[in-house]
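Engineer: build me a model from this:
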Amino acid sequence: MIISRRILLKAMGFGTAALLIPQMVRAAAIPHVVVVGGGFSGAAAAKYLKIWGGLAVEVTLIEPNPTYISPILSSLVLNGQKTTQNLEFNYVSHSAKYAINMIHTTVDSIDKTGQVVTLGNGRTLSYDRLILAPGIDFIDIPGLDSSKVPHAWKAGVQTNLLKTQVDELVDGDHFVMTIPASPYRCPPGPYERACVVADYLKNSKGFSNCVVTVLDANANITVETEMFHAQFEGYGIIYRPNAVVQSVDSNTRSVTFIENDDPINGINTLNPKVLNVIPNHKAGKIIFDASLNIGNWAPVNPLNYESTLASNIHIIGDSQGTAQPKAGHMGNSEAKVCADAILRSLQGLQIDPEPKTNSACYSPVSSTQASWLTAVYEYNTETKQMQLVPGAGYPASGLPSADNYNEMFNWAGNLFDDTFG
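Structural biologist: A predicted model of the protein is given here:
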């Protein structure tokens, strides 16, 4: 039967202009799309598949946890302005409002030939299309026990552990955090965290002698470079680039690292009161288990995010291997491109030959000020990759201000609602 409505497809980001495609036709056998991972990418993909596809598609979302804790705004947990409970989101709307099948378990394996996933509870699900959005995983560091030396890069228990340790600092103590080599999720995130912690120790706790040190595996601050250098200087944050972590003693909270690729004279060890180690990133475990990676990331066709290594499997969000930023807003944008392409393909329609995505982010640098940046990416038909829109500049940004700080909550609220509401 013909579904008597047209489907509004958003070309990028929430709240932007869109285009119309022909009415969906319900097939005799309804296509089944299985989505693995309920973060900003997976939750948005499942939601928009149903919003745009309606009764013409069955959608199942597999996510182990009944609630998702947003890493966006989680820096404000460290200074007490937010709690992890404030950043929790559930999937009630997904099941009740959009008729998405919610399954809270893990995925044990993927049969790529038979197009079947086996779940942690022993159940199997067949799929016509599979979307994987597992987020990031970490590359092991010798000696690192994150239950003692938190990364706090996956929000929740880790965030609260780091908050507890920061609150135990007294004047004169040393806080050290490490920044992973690019690419990593949320490029502004570690730098904003250093600023928020420094501001909290100096201006909220009134400490004048605490030292904050940043060990950056990259040659320089990777995003909003001048702004963050200025903030670091203002707070007295010690910034050490080209500092690659070699090992950690989690019991003594000490970190050994090599600076400037000098294994003879560049080996150093720091033993701070609080050590926050963020390891280098790689794609989520399921990507490696299913042999969908080349190196640390999953290669995809950015027209529809289908894996270049397996048919009918799409990979979005932090695990995908394009040059686009790994961040919540970008993952939400990729999800819409992917959902659009899948629905068109299932109906035998041409997919959008020139998709666009956008990434936006606000970064708190104190308890009252935040900066922002944004960028738009488009598909390049010659390179077959996503690239920054020519002439747009990267990043388009705004310096820290109180107005930006207030707008940060509007931006985050819109993104939260668009993904989970």
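
Engineer: how about the helices in the stretch 201-350 of the chain?
Structural biologist: 225-235, 285-289, 328-346 (DSSP state H, counting those that start in this stretch).

Engineer: then the stretch 51-200 of the chain?
Structural biologist: With DSSP H, counting those that start in this stretch as the criterion, the stretch 51-200 of the chain has helices spanning 75-78, 92, 157-167, 189-199.

Engineer: need the helices of the stretch 201-350 of the chain in JSON lines (columns: mean neighbour count).
Structural biologist: The C-beta positions use only the backbone N, C-alpha and C, and glycine is treated the same way. Output for the helices of the stretch 201-350 of the chain, formatted as JSON lines (neighbours: other Cβ atoms under 10 Å):
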{"stretch": "helix 225-235", "mean neighbour count": "17"}
{"stretch": "helix 285-289", "mean neighbour count": "18"}
{"stretch": "helix 328-346", "mean neighbour count": "27"}
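
Engineer: so which of the ones you listed gets nearest residue 57?
Structural biologist: For those, the distance to residue 57 is smallest for helix 328-346, at 6.7 Å, taking Cβ to Cβ.

Engineer: partner strands of whichever helix or strand comes after the closest one, parallel or antiparallel?
Structural biologist: Using DSSP states H and E, the next helix or strand after helix 328-346 towards the C-terminus is strand 356-364. Paired strands of strand 356-364, with direction, are strand 370-380 (antiparallel) (DSSP bridges).

Engineer: which other helices and strands contact the helix or strand just after the strand it pairs with?
Structural biologist: Next in sequence after strand 370-380, counting helices and strands by DSSP H and E, comes strand 385-388. Secondary-structure packing of strand 385-388 (3 or more Cβ pairs under 8 Å, 6 or more residues apart in numbering; DSSP states H and E): strand 370-380.

Engineer: now do the contacts for residue 331.
Structural biologist: With contact set as Cβ atoms under 8 Å, 6 or more residues apart in numbering, residue 331 has these partners: 39, 40, 41, 44, 133, 316, 317, 318.

Engineer: centroid-nearest residue for the protein?
Structural biologist: For the chain, the residue sitting closest to the mean C-alpha position, by Cα atoms, centre = their mean, is residue 327 at 3.8 Å.

Engineer: now residue 215: closest residue in space, sequence neighbours ignored.
Structural biologist: Residue nearest to residue 215 in three dimensions, not counting chain neighbours: residue 243, with 3.9 Å by Cβ to Cβ, 6 or more residues apart in numbering.

Engineer: that neighbour touches residue 258, doesn't it?
Structural biologist: Yes. With contacts counted by Cβ atoms under 8 Å, residue 243 reaches residue 258, the gap being 7.5 Å.

Engineer: near residue 65, how many other residues are there?
Structural biologist: Residue 65 has 12 neighbouring residues, counting by other Cβ atoms under 10 Å.

Engineer: and for residue 66?
Structural biologist: 12.

Engineer: so it sits right up against residue 104, yeah?
Structural biologist: Yes. Taking Cβ under 8 Å as the definition, residue 66 is a contact partner of residue 104 at 5.5 Å.

Engineer: gap between residue 376 and residue 142?
Structural biologist: 41 Å (Cβ to Cβ, to the nearest Å).

Engineer: ok, now residue 401?
Structural biologist: Taking Cβ to Cβ, one finds residue 401 at 42 Å from residue 142.

Engineer: neighbour count: the two, which is higher?
Structural biologist: Neighbour totals were compared for residue 401 and residue 142, and residue 401 leads with 14 against 10 (other Cβ under 10 Å).

Engineer: mind listing what that one touches?
Structural biologist: With Cβ under 8 Å, 6+ apart, residue 401 has these contacts: 369, 370, 371.

Engineer: next one: residue 132
Structural biologist: Residue 132 touches 36-37, 284, 286-287, 290, 292, 298, 313-316, 319, counting by Cβ under 8 Å, 6+ apart.

Engineer: repeat for residue 368
Structural biologist: Counting by Cβ under 8 Å, 6+ apart, residue 368 has contacts 402, 405.

Engineer: so it versus residue 75, what's the distance?
Structural biologist: For residue 368, the distance to residue 75 - Cβ to Cβ - is 14 Å.

Engineer: and for residue 134?
Structural biologist: With Cβ to Cβ as the criterion, residue 134 and residue 75 are 23 Å apart.

Engineer: now swap in residue 55 and tell me
Structural biologist: 42 Å.

Engineer: more neighbours, the two?
Structural biologist: residue 75 (26 against 12).

Engineer: looking at it, that one is touching residue 196, isn't it?
Structural biologist: Yes. Residue 75 is within contact range of residue 196, at 4.6 Å (criterion: Cβ under 8 Å).
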